[in-house]
Structures are given as C-alpha cells and as structure tokens.
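Participant: below are the sequence and a predicted model for it; my questions follow.
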Amino acid sequence: MRRRSLLIAVPAGLVTLAACGDEDSGSSNAGDSATPEASATSAAPAPKIVDGPLPAITAGTKFGEKPTVAKGSGEPSKDLAVKTVIAGGGKAVAENDFVSADYLGQVWQSAKVFDNSYDRKTPLIIQLSKGSIIDGWRYALTGKKTGSRVQFSVPPTWGYGEQGNEQAGIKGDDTLVFVVDVQDTFNAKSSAKGKKVPQDDAALPEVGTDTDGKAPSIEVPKADAPKKLVAEYVLEGDGAEVGAQDTVLVQYKGVVWDGGKEFDSTYGRKQLTSFSLQQVVKGWAQGLTGKKVGSRVLIVIPPDLGYGDNPPQGSGIEKDSTLVFSVDILAKM
C-alpha cells in the first residue's frame with residue numbers, strides 16, 4: 001500500500017494518513033451520467049487491439065467539438081477496436097497518468113449516448129490506473145499523444161462486465177463506443193508552468209522555480225514565523241481559478257518552519273495527489289482558493305489553520321508548528 005497523504009482533515013482537528021483512494025476524486029460531477037470509472041469486475045487479460053470496425057463520426061469532427069456518432073453496423077469486434085481519428089503532437093500518455101479529456105460514450109447497438117463531458121463543459125480528469133477506470137480506456141489511450149482524438153469500442157470484458165451499468169442503461173452484453181479528445185496528461189514528473197513572480201519579501205521562505213518535475217527547494221528564513229496565513233504565487237499560471245468547493249490535482253512539498261525539515265512530499269512518493277478543498281486543513285483550503293491552475297504557490301500555515309496541538313502521529317510535526325508548502329496546481333477536477 002502506498003504512503004498516504006497527510007492533508008486530509010477529519011473531525012476534532014485531527015489529520016489522518018488518508019485511506020487509499022485519491023484516484024476516486026478524479027471523476028467529474030456527472031450527476032446521473034456514467035463516467036468510465038472502473039466497476040467491480042474481475043481482472044481480465046489484456047485485450048487484442050484491432051483497427052475496427054468503428055461507426056462513423058458524422059458531425060462535430062474537429063478536436064474539442066462534441067461528436068455525433070452513427071449507430072454501429074453489424075456485429076462489433078470482440079477485441080478492443082481503436083482508431084486515432086486526429087493525431088496530436090503533444091505528450092504521450094502513459095499508464096497511471098492522470099488524463100484530462102473530453103469524451104462521449106454511447107452503446108454500439110442503439111447509438112444511445114449514455115454520457116458526455118462536452119455538455120458539462122468540463123473535461124474529465126481521471127487516472128489511467130487499474131481499478132480507477134474501465135480497462136478499455138487504459139488500453140486504448142496508453143501511448144496516445146495529447147491533442148489526439150481517439151475512437152474506440154469496448155466489449156463488456158473491458159467495460160462494465162456482465163453486470164453492465166444499470167444507472168446508465170448499459171446492459172451486460174453491450175459494447176460501448178467512445179470518442180475521446182485527450183487534452184492533457186499529468187504524472188509524477190509534472191510541474192507548474194506559470195510565469196515567475198518576484199519573491200522580494202526576505203521574511204518569507206523562498207521557493208525554487210525549476211519546472212523539471214523535481215521537488216523545488218524551500219529556503220526558510222531565520223526569522224519568526226508569520227502569525228497569519230501566507231499564500232503567494234511563485235509561478236503564476238493562466239488557468240481557471242480554484243474555487244472553495246473544487247477538487248485539485250497537485251504536486252506538493254511540505255516543511256516545518258523551525259528547521260526546514262521536510263515532512264511530506266508527492267515528489268518523494270513519486271505520485272500525484274488529488275483532493276477536495278473541503279477535505280483539507282483550513283490553511284490549504286484558504287491558501288489555494290482563488291489561485292490559478294498552472295501555478296506554484298507558497299503557503300505558510302500558522303498552527304491555528306494547520307494541525308495545532310494535535311499533529312498526525314508519526315509525521316515528524318511538533319505541536320503548534322508553522323508549516324510551509326510549495327504547491328503546484330496542475331489541474332482543477
């Protein structure tokens with residue numbers, strides 16, 4: 001089991017090493033729709049990937065446009081049929097990456113659309129890992145480049161299995177057809193890409209500005225810690241602002257003000273973290289609210305907005321510690 005994040009807040013001011021499940025927050029708020037999250041099917045062998053058949057895309061043929069897809073003709077393949085409709089020139093997607101994608105899904109036999117992100121105007125951000133998403137997505141998108149439109153058909157074996165998905169009207173013998181526009185991909189080497197912002201206040205920690213995916217340096221001054229929350233851009237991105245209710249995908253590193261000792265880091269775990277700002281300590285929630293996606297943010301959290309006199313056991317954090325974080329906001333989910 002992976003090391004768990006220290007950031008999840010629980011009642012009475014306690015912070016626990018959170019249960020395995022960061023990936024679950026990668027789903028979009030789809031209401032009664034069915035995102036391609038994994039179902040409780042038994043593990044299936046890797047599929048054979050073939051070119052077709054696949055139904056025609058009859059409208060919305062450009063990248064980013066909501067497509068209209070014809071009804072499947074004849075019997076669908078029992079293998080995973082995958083076609084790159086538009087070849088992008090961006091980063092290649094790897095298994096276990098978090099991908100940001102717009103998509104439409106429909107049933108082969110009826111052409112019934114059971115879900116799409118285009119109408120929500122919010123891409124899905126989800127991890128391409130076993131247990132987080134249906135296997136058809138993992139196998140179809142791995143190796144594709146951002147900027148690509150990929151169409152694929154998923155037999156039940158690599159979809160929702162024999163039980164189907166009653167909520168979405170998917171039966172156990174339905175083959176599914178997806179069109180996916182791959183917007184972006186994130187992994188343990190991802191960094192914020194914003195513009196450098198001067199760090200002129202000598203009373204505050206200085207955070208490194210490298211964007212090579214390695215943990216940035218945090219130099220804490222030999223001075224008294226601020227009594228109030230500090231949240232300043234180190235790199236200012238140009239993405240959407242983070243709202244107080246949002247879920248974010250981040251890289252972060254945390255150190256204690258007194259002595260500068262590191263106590264937590266996604267870089268050390270080599271794994272990104274996603275969480276709702278409703279689930280974290282107050283200093284994180286307040287510090288990230290209003291900041292732009294693509295940014296690196298310095299957050300200095302006084303004890304009353306952090307762990308106070310009850311820090312997590314085994315964290316190395318003393319009571320009433322002021323905490324310093326560098327946070328790269330990679331995406332808003």
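Facilitator: Now that the structure is in, tell me what you want to look at. Predicted model only: the values in this text are computed from it and were never measured.
Participant: got a pLDDT number for the closest residue to Thr146 other than its chain neighbours?
Facilitator: Computed as C-beta to C-beta, 6 or more residues apart in numbering, the closest residue to Thr146 that is not its neighbour in sequence is Gly90, at 3.2 Å. Quick note: C-beta positions are derived from backbone N, CA and C, even for glycine. Predicted confidence (pLDDT) at Gly90: the value is 97.
Participant: same deal with the one 10 residues further on?
Facilitator: We note a pLDDT of 97 for Ser100 in this prediction.
Participant: can you check Ile8 too?
Facilitator: The pLDDT attached to Ile8 in the predicted structure is 42.
Participant: count of neighbours near the residue nearest to Thr146?
Facilitator: The criterion is other C-beta atoms under 10 Å. On that basis, Gly90 has 14 neighbouring residues.
Participant: got the buried residues for stretch 161-170?
Facilitator: Along stretch 161-170, these residues count as buried under the neighbour rule (16 or more other C-beta atoms under 10 Å): Gly161, Gly164, Asn165, Ala168, Ile170.
Participant: also stretch 132-151?
Facilitator: Of the residues in stretch 132-151, those buried under the neighbour-count criterion (16+ other C-beta under 10 Å) are 132-141, 144-151.
Participant: which of these fall within helices?
Facilitator: Counting by DSSP state H, the members of these that fall within helices are Asp135, Gly136, Trp137, Arg138, Tyr139, Ala140, Leu141.
Participant: how about the fifth one, what does it touch?
Facilitator: When you say that, I think you mean Tyr139. Tyr139 makes contact with Ala46, Pro47, Ile49, Leu80, Val82, Trp158, according to C-beta atoms under 8 Å, 6 or more residues apart in numbering.
Participant: who are the packing partners of the helix or strand where the fifth one lies?
Facilitator: Under the assignment given by DSSP states H and E, the secondary-structure element containing Val82 is strand 80-86. For strand 80-86, the contact count by 3 or more C-beta pairs under 8 Å, 6 or more residues apart in numbering; DSSP states H and E identifies strand 49-50, helix 135-141, strand 149-154 as packing neighbours.
Participant: give the contact list for the nearest residue to Gly52 once chain neighbours are set aside.
Facilitator: Closest residue to Gly52 in three dimensions, ignoring its sequence neighbours and counting by C-beta to C-beta, 6+ apart: Ala81, at 5.1 Å. Residues in contact with Ala81, defined by C-beta under 8 Å, 6+ apart, are Ile49, Val50, Asp51, Gly52, Pro53, Leu54, Phe152, Ser153.
Participant: who's Ala81 bridged to?
Facilitator: Ala81 has the following beta-bridge partners by DSSP bridges: Val50, Ser153.
Participant: hmm, back to that, element containing the residue nearest to Thr146?
Facilitator: Gly90 is part of no helix or strand, with elements assigned from DSSP H and E.
Participant: isn't it up against Lys145?
Facilitator: Yes. Distance between Gly90 and Lys145: 5.1 Å, which falls inside the contact criterion (C-beta atoms under 8 Å).
Participant: quickly list what's touching both of those two.
Facilitator: Joint contacts of Gly90 and Lys145 (C-beta under 8 Å, 6+ apart) are Val182.
Participant: where do the helices of this structure begin and end?
Facilitator: 135-141, 266-269, 282-288.
Participant: among those, which is nearest Leu229?
Facilitator: For Leu229, the closest of these is helix 282-288, at 5.6 Å, according to C-beta to C-beta.
Participant: list the helices and strands that closest one packs on?
Facilitator: Of the remaining helices and strands, those touching helix 282-288 by 3+ C-beta pairs under 8 Å, 6+ apart are strand 230-236, strand 296-301, strand 323-332.
Participant: which residues outside that helix are in contact with it?
Facilitator: With C-beta under 8 Å, 6+ apart as the contact definition, helix 282-288 has outside contacts at 7, 9, 229-231, 242, 244, 248, 277-278, 297, 299, 301-302, 305-306, 323, 325, 327, 329.
Participant: how about Lys196: what's its closest non-neighbour residue?
Facilitator: Taking C-beta to C-beta, 6+ apart, and ignoring the residues beside it in sequence, Lys196 has Thr209 as its nearest neighbour in space, at 5.3 Å.
Participant: cool, and Val230?
Facilitator: If you skip the residues right next to it in sequence, Val230 has Val300 as its closest partner in space, 3.8 Å away by C-beta to C-beta, 6+ apart.
Participant: go on, Leu277?
Facilitator: Nearest-residue entry for Leu277: Ala285, 4.4 Å, with adjacent residues in sequence omitted and distances by C-beta to C-beta, 6+ apart.
Participant: before we move on, what about Ala59?
Facilitator: Counting by C-beta to C-beta, 6+ apart, the residue nearest Ala59 is Thr68, at 3.9 Å.
Participant: next, the buried residues of stretch 170-177.
Facilitator: Of the residues in stretch 170-177, Ile170, Asp174, Thr175, Leu176, Val177 count as buried by neighbour count, 16+ other C-beta under 10 Å.
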